[in-house]
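>>> okay, predicted coordinates and the sequence, questions at the end:
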Amino acid sequence: MSKPNDMAAIARFYLSASGRSLLLGIILTAATVAMGIALLGVSGWFITATALAGMSLTSAIAFDVFMPSASIRLLALGRTVSRYAERVVTHDATFGVLAQLRERLFLGWSQPAAARDLAARPSRWLFRLTADLDALESVYLRLAAPCAAAIGAAALAGLLLASVDPRLGAAAFLALCTLGLGGSAMVMRQAWPHAVRRAKALERVRSQTIDLVAGQTEWIMAGQLDAQKARLWGSDRRLAHTDLALNQVDVIAAWIQGVVGAVFVAAVLLAAAECAATGVATVPMMALAVLGAQASIEPFGALRRGALEAGRTWLAARRIAPRLRAENEALPKIRAPGANVACHLVDVFVRYSCEHRAAVSGFTVSIAKGDRVALIGPSGAGKSTLLSVIAGDVTPNQGKAAGLPATMFTQRTELFQDTLRDNLRLANPAADDTRLWHALADAGLAQDLIGNGAGLDTPLGEGGIGLSGGQSRRLALARLLLHDSSVWLLDEPTEALDASTARDVLTVLAQRADHRTVVIATHLHREAALADRLLLMRAGAVEQDVRRGTPEFDAALSALRPD
Ligand SMILES: Nc1ncnc2c1ncn2[C@@H]1O[C@H](COP(=O)(O)OP(=O)(O)OP(=O)(O)O)[C@@H](O)[C@H]1O
């Protein structure tokens, strides 16, 4: 079950984002329901009173038909206008709140730790970001507003009946509240586990479908395609079961609600008949009261539908609320180092939350401005993690880190479904086309683009579809060149590139790195050869720190993988 403060956090967000519109929406919802009750009641009164007046000529002549019929027209018109306004206001307020929530969540997910989670399970988190947000629609549209409308309807029906007999009014109000709200609570309780299971099953079906489609080649190569399909069918069957269970709860609840509603109206009718028989009230007033009571049941139907989905709404709140709270955390920042120093780390310790072993442990190093340093060592030694610490992307669990603003050339090039121009401008939004072409020329990509005709307008698919691996790397290099910073952090910049592309990339890097500090994480001789200092890392710590011109430097360099 969701912690109550998760739901409170969502409610607070709703109120702070659009409190007035939400209140107006509730008032309009209540007004629509009230006019519906009044419309039915006055119509009943009018028909009955007209019939009775027609029984004698004098009463027929004296009977005023204009006032009630004008009231009925006014109420009918008013109800239509109010319902329209209610739909516009409530939906506009809800979608406005969800848009703000989406913005805050996307900002929250752009924080380094959250972004790493997202990158590790993209389909799962993407589904949560979209489906959970949609589920929060119900908080107001299907729970808060109908609940307020239902209580308002019960109060109005109570008042109508109280005008006949106060005891009848109080009994009707209590009966509507206990049966209506209690019934909705029971529906919520019955539907809750199915709604939660349904949300989880739907999430599994979607992420397994994405995995099946995106990893088709891998599934086939590993001979696991049928097994993955079977898993997907299994999840789909579970989803169908939960759908069926929820439908059953809904059908039974609707049936019970219908029966209880009919019994309630019958009881009001009997009580009203008794009042009419004893002369406590007139027959037309009885008709008004009974039909008003009948109309007051309607909002409880809307509440039932919200109650059915409450489990899913609570699950969404539980997942989203912590991210809302975490959203206020400051972005990790790295302190500025002293003069002439590009980066200074003291006894840095990093352990990722999902790992038992430290990625970097007791790491102390100082890199002067203009130094060219290569981090070398076996896979998993902590080289990339250290670059992230220097970049300020990862905050050490212990120790001190200080560094100048740096640009990272990561192992994976993130390219987006957009034009080449906008993919490049991520690195420097102010860059004009001339500057972009220069960067592309320096990165060795300009010729390829001139050849294809579309130039900077070349559309790229998701993940850079449309470019070869080498071209993507060159595009990343162009971005690095566009983002003017004094410290470059290069994570295996030419890994997996053919020899000629690698040579070109390294030549450009060497030329453009003249006045900068460069830290390269590498396994390759050709990359480490750019450096004047080698830091050999093992199990997250420095094992050797050697400088060019020493036999140890040459030995460490020659031990690296040849090109
Ligand atoms: N985002 C992450 N979440 C959890 N653990 C991670 C993450 N990134 C790295 N690690 C773990 O931290 C340790 C160090 O990884 P890191 O990538 O820093 O090593 P590396 O020396 O750069 O390796 P490689 O040369 O293979 O790139 C490894 O045990 C790795 O599994």
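Structure's in. What do you need? As the structure is a computational prediction, the values presented were derived from the model and not from experiment.

>>> what sits against Tyr14?
For Tyr14, the contact set (C-beta atoms under 8 Å, 6 or more residues apart in numbering) comprises Leu22, Val97, Val139, Tyr140. C-beta: built from backbone N, CA, C; applies to glycine.

>>> what is the neighbour count of the closest residue to the last one other than its chain neighbours?
With sequence-adjacent residues excluded and distances taken as C-beta to C-beta, 6 or more residues apart in numbering, Tyr140 is closest to Thr94, at 5.3 Å. Using other C-beta atoms under 10 Å, Thr94 has 23 other residues around it.

>>> out of the contacts of Tyr14, which two sit at the greatest distance?
Leu22 and Val139 (10.1 Å; C-beta to C-beta).

>>> of these two, which one has the most company?
Set Leu22 next to Val139 and count neighbours by other C-beta under 10 Å: Val139 wins out with 24 against 21.

>>> quick check: pLDDT value at that one.
Per-residue pLDDT puts Val139 at 88.

>>> what does Ala326 give?
pLDDT, Ala326: 62.

>>> and if you look at Gly279?
81.

>>> same thing with Gly370?
Looking at Gly370, its pLDDT stands at 91.

>>> any idea how far it is from the ligand?
24 Å (C-beta to the nearest ligand atom, to the nearest Å).

>>> same check on Ser59?
On the measure of C-beta to the nearest ligand atom, Ser59 and the ligand end up 86 Å apart.

>>> ok, that residue touching Thr50?
No. In this structure, Ser59 is not within contact of Thr50 by C-beta atoms under 8 Å, at 10.2 Å.

>>> neighbour-wise, which of those two wins?
The neighbour count for Ser59 versus Thr50, taken as other C-beta under 10 Å, is higher for Thr50 (15 against 12).

>>> could you give the mean pLDDT of the helix or strand containing the more buried one?
Using DSSP states H and E, Thr50 sits within helix 4-53. Averaged over helix 4-53, pLDDT sits at 89.

>>> ok, stretch 462-473 next?
pLDDT averaged over stretch 462-473 gives 75.

>>> what comes up buried for that stretch?
Using 16 or more other C-beta atoms under 10 Å as the test for burial, stretch 462-473 gives Gly464, Gly466, Leu467, Gly470, Gln471, Ser472, Arg473.

>>> residues contacting the nearest residue to the last one once chain neighbours are set aside?
Put plainly, it is Arg473. Excluding its sequence neighbours, the residue lying closest to Arg473 (C-beta to C-beta, 6+ apart) is Leu497, at 5.8 Å. Contact analysis of Leu497 by C-beta under 8 Å, 6+ apart lists Gly469, Gly470, Arg473, Val505.

>>> could you rerun that using 7 Å?
Residues in contact with Leu497 (C-beta atoms under 7 Å, 6 or more residues apart in numbering) are Gly470, Arg473, Val505.

>>> break this protein down into its domains, please.
4-326, 341-558 (automatic domain parsing).

>>> and those domains as a markdown table, adding distance to Arg335?
Shown next, in a markdown table, are those (distance: least, C-beta to C-beta, whole Å):
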| stretch | distance to Arg335 |
| --- | --- |
| domain 4-326 | 17 |
| domain 341-558 | 4 |
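
>>> show me where the stretch 251-400 of the chain has helices.
Applying DSSP state H, counting those that start in this stretch to the stretch 251-400 of the chain gives helices spanning 283-295, 298-326, 383-391.

>>> and the shortest one, anywhere near the ligand?
Yes. Among the residues of helix 383-391, Lys383, Ser384, Thr385 lie within reach of the ligand under C-beta under 6 Å from any ligand atom.

>>> pLDDT wise, what is the first one at?
pLDDT, Lys383: 93.

>>> and it, what does it touch?
Leu375, Gly377, Ala521, Met537.

>>> from Val389, how far out is the third one?
With distances taken as C-beta to C-beta, to the nearest Å, Ala521 is found 12 Å from Val389.

>>> so for the two, which sits in the more crowded spot?
Neighbours were counted for Ala521 and for Val389 using other C-beta under 10 Å; Ala521 has more, 28 against 25.

>>> on that earlier part again, tell me which of the contacts of Leu497 fall in helices.
Counted as lying in helices by DSSP state H, out of the contacts of Leu497, are Gly470, Arg473, Val505.

>>> among those residues, which one sits closest to Gly370?
Gly370 has its nearest neighbour among the ones in helices among the contacts of Leu497 in Val505, at 21.2 Å by C-beta to C-beta.
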